[in-house]
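Engineer: mind looking at a prediction? Sequence and model below.
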Amino acid sequence: MSRFERRETPPQFEDYRQYRPFLRRDFSYRCAYCERAEAILGGDESFEIDHHRPAAKFPEFVGHYPNLYYSCGRCNRHKSNTWPSGGLIAVGFRFADPCQEDMYSEHLQEMPDGQVRPLTNCGSYSCEHIRLNRPALLRWRQEKRRMAEQLRALDHILAAAERDPGARDLVAAIKSLIAQERERLSL
Ligand SMILES: [Zn+2]
C-alpha cells in the first residue's frame, strides 16, 4: 500500500511551482520522504517541490504532476540530482516511491533508537541518498514515539472517563482535540 495517494486533478500549468497548493494537499502537508509535517518544521516555508525523477536528467518530466513530490528542503537537497543507473535499478537499487509503496514498512525497519535499517536494496539506496539516518530525523522519530505513547496513555484515561455518563460530552471534546493533534503532527 502506498504512503500517499494523489486525489487532486490540477489543470496544466506552464510553471511547475504553480502545482504547490495541489501538492500540499496530496501529500497531507508532509514531506514525501522523511514524513515530517509542516507543523513540525514551522510551516510550509521549509518545503520545496521535488522532481522524483530529477529535472537535470529527465527534462521531459519537469512539469509532469505525477513526477512532483512535496518534500522538506533537506530531503530534497540530499536527494538532489541523484538517480540510479540502469544496472543498479536492475538489481533493486532505486529510490522508494512513496506514491506507489510504503517505504517505511516494505523497505526499511525503524529501530527503537530512531534509526532506520534497510530491509531491501531499495531501502538501502533511499536511506543512503536521502540520508534518512541524519541526526535531526533520529531525534524526530524518538520524539514521535514519545508523543504517540503519551497520546495512547490519554486514550486509556479517556476510555475510563467515558464510563461516567455525565462526562461524555467532555470526553468527546477531548478526543476530538487529540485526533486533531494526531492529524496535524501525522502521528
Ligand atoms: Zn523530508
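Structural biologist: Received, thanks. Here the structure is a predicted model, which means the values were calculated and not measured. Numbering: from 1, shown residues only.
Engineer: residues of this protein that sit close to the ion?
Structural biologist: On the criterion Cβ under 5 Å from the ion, the ion has as its neighbours in the chain the residues C31, Y33, C34, C72, C75. Just so you know, the C-beta spots here come from the backbone N, C-alpha and C atoms, and that holds for glycine as well.
Engineer: can I see the domain layout of the chain?
Structural biologist: Domain segmentation of the chain under automatic domain parsing yields 16-133, 144-184.
Engineer: endpoints of stretch 153-171, how far apart?
Structural biologist: Start-to-end span of stretch 153-171 (Cα to Cα, to the nearest Å) is 14 Å.
Engineer: what would the domains of the chain look like in TSV with mean pLDDT, mean neighbour count and distance to P10?
Structural biologist: Below are the domains of the chain laid out as TSV (pLDDT from 0 to 100; neighbours: other Cβ atoms under 10 Å; distance: least, Cβ to Cβ, whole Å):
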stretch	mean pLDDT	mean neighbour count	distance to P10
domain 16-133	97	17	4
domain 144-184	88	12	23
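Engineer: identify the residues contacting stretch 26-42?
Structural biologist: Stretch 26-42 is contacted from outside by 3-8, 24, 44, 46-47, 50, 69-72, 74-75, 79, 98-99, 103-104, 126, 130, 132, 137, 140, 184-186, using Cβ atoms under 8 Å, 6 or more residues apart in numbering.
Engineer: kindly recompute the last result at 7 Å.
Structural biologist: Outside of stretch 26-42, the residues within contact range by Cβ atoms under 7 Å, 6 or more residues apart in numbering are 4, 6-8, 44, 47, 50, 69-72, 75, 98, 130, 132, 137, 140, 184-186.
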